[in-house]
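In: 3D model of this:
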Amino acid sequence: MRVLVTGGAGFIGSHVAEYYASRGGEVIVLDNFLRGKLIGKENPWKSYNRDYLASRYGSVRFVEADVRDQEKVAENARGCDLIVHAAAQVAVTSSLNDPVTDFMVNALGTLSVLEAAMRSGSAVIFLSTNKVYGDGVNRIALKDLGTRYWYSDPRYADGIPESFPIDGCAHTPYGCSKLAADIYVQDYGRVYGLPSVVFRMSCIYGERQFGVEDQGWLAHFVLKALKGEEIMIYGDGKQVRDVLYVGDLVEAIDLAHKNSSRLRGEVFNLGGGPENSLSLLEAIRYIEGLVGESIRYSFKDWRPADQIVYVSDIRKAREMLGWRPATPWSDGIRRMYEWLRQLVGGRSR
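Out: Next up, the predicted model:
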């Protein structure tokens, strides 16, 4: 099997690359490595994922290229059975500051992948985002349960379904660019017969994630706790997300590929579901138990377009893929915590 992973040196992409390489596949990692360059020379982790893969899997080939380079994408897609499109501009805040680059990477870059897949006959799994539902989810009435908010409308007891309206909801350049890409992937499946599948992901976390304030919040919280630094919470901390361990996401990607011919153009909300939902305050309390001491945090105003409660309804993935999360959030966060502790030091109870 031959697999192209765009953004394959990133957190999710590196796990996808490892999954297929460890099973004897030939893996091409196409990445511009820009995120590592932006982290800065002083950061020892900027090339961690690339070095990790290179030291363990001789079947992984690295190509430094940008998904906006249509020729490079097409050249490296030749002969591939599967393209996992994980490359993206991933931060809402960055999209607000530079919407043009955000669009070019997320929307135009996805078109490059789709055109390459058409020529090579590859299946495509596109990693989209729950941000396509944008501010629409904030129109659902909520109830305050003390440490968290939750939907008071019983229609959303299982979370947000794929049928939730997306018209006029994106409300950020990031949401708009990812939604445009999302719809194109669906369209190439339905109009051109490309075996393409969309995953609208919630909060993915796990080892080899170097979280920052605007992306990868669980890893960011753990890193702050290990360093004894204060966490900044935007809002009141009762906002809720469902979290999904990265290994469970990769299993879903493989299932989607194996069934891609019958799932052309399908969309799945992929997250931990209600059973793996937690608020920011609840996450901090759990991490305090791991670290063995109190975590300092303070509050700022809500950020524009933040979703107050977003939890994925994952019933469609269960029914059509035969998939469900295997890792409880407490086990997954502990694994990520222990891995990060080995990297940065810190105490553990």
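In: Phi, psi for the residue nearest to Val246 when sequence neighbours are not counted please.
Out: What sits nearest to Val246 in space, not counting adjacent residues and going by CB to CB, 6 or more residues apart in numbering, is Gly206, at 3.5 Å. Using the backbone N, CA and C atoms, a C-beta is placed for each residue, glycine as well. The phi and psi values for Gly206, taken as degrees, to the nearest 10, are phi 150, psi -170.
In: What is the burial count for Gly206?
Out: 25 (other CB atoms under 10 Å).
In: Repeat that for the one 3 residues further on.
Out: If you count neighbours by other CB under 10 Å, Gln209 ends up with 24.
In: Ok, the one 3 residues further on next?
Out: Here the neighbour count serves as a burial measure; for Val212 (other CB under 10 Å) it reads 14.
In: what's near enough to touch it?
Out: Counting by CB atoms under 8 Å, 6 or more residues apart in numbering, Val212 touches His220.
In: do Gly206 as well
Out: With contacts defined as CB under 8 Å, 6+ apart, Gly206 is in contact with 11, 15, 245-247, 332, 335-336.
In: Distance of the closest residue to Ile233 other than its chain neighbours relative to Ala252?
Out: Excluding the flanking residues, the one nearest Ile233 by CB to CB, 6+ apart is Phe299, at 5.2 Å. Between Phe299 and Ala252 the distance is 35 Å, computed by CB to CB, to the nearest Å.
In: So for those two, which sits in the more crowded spot?
Out: A count of neighbours by other CB under 10 Å puts Ala252 above the other of Phe299 and Ala252, at 23 against 11.
In: what secondary structure does the more buried one sit in?
Out: Following DSSP: H, G, I helix; E, B strand; the rest coil, Ala252 is assigned to helix.
In: swap in Asp187?
Out: Per three-state DSSP, Asp187 ends up helix.
In: same check, this time on the one 10 residues further on
Out: Taking three-state DSSP as the rule, one finds Val197 in the strand state.
In: what pLDDT does the closest residue to it other than its chain neighbours get?
Out: Spatially, and ignoring its direct neighbours in sequence, Val197 is nearest to Ala256 (4.5 Å; CB to CB, 6+ apart). What the model reports for Ala256 is a pLDDT of 98.
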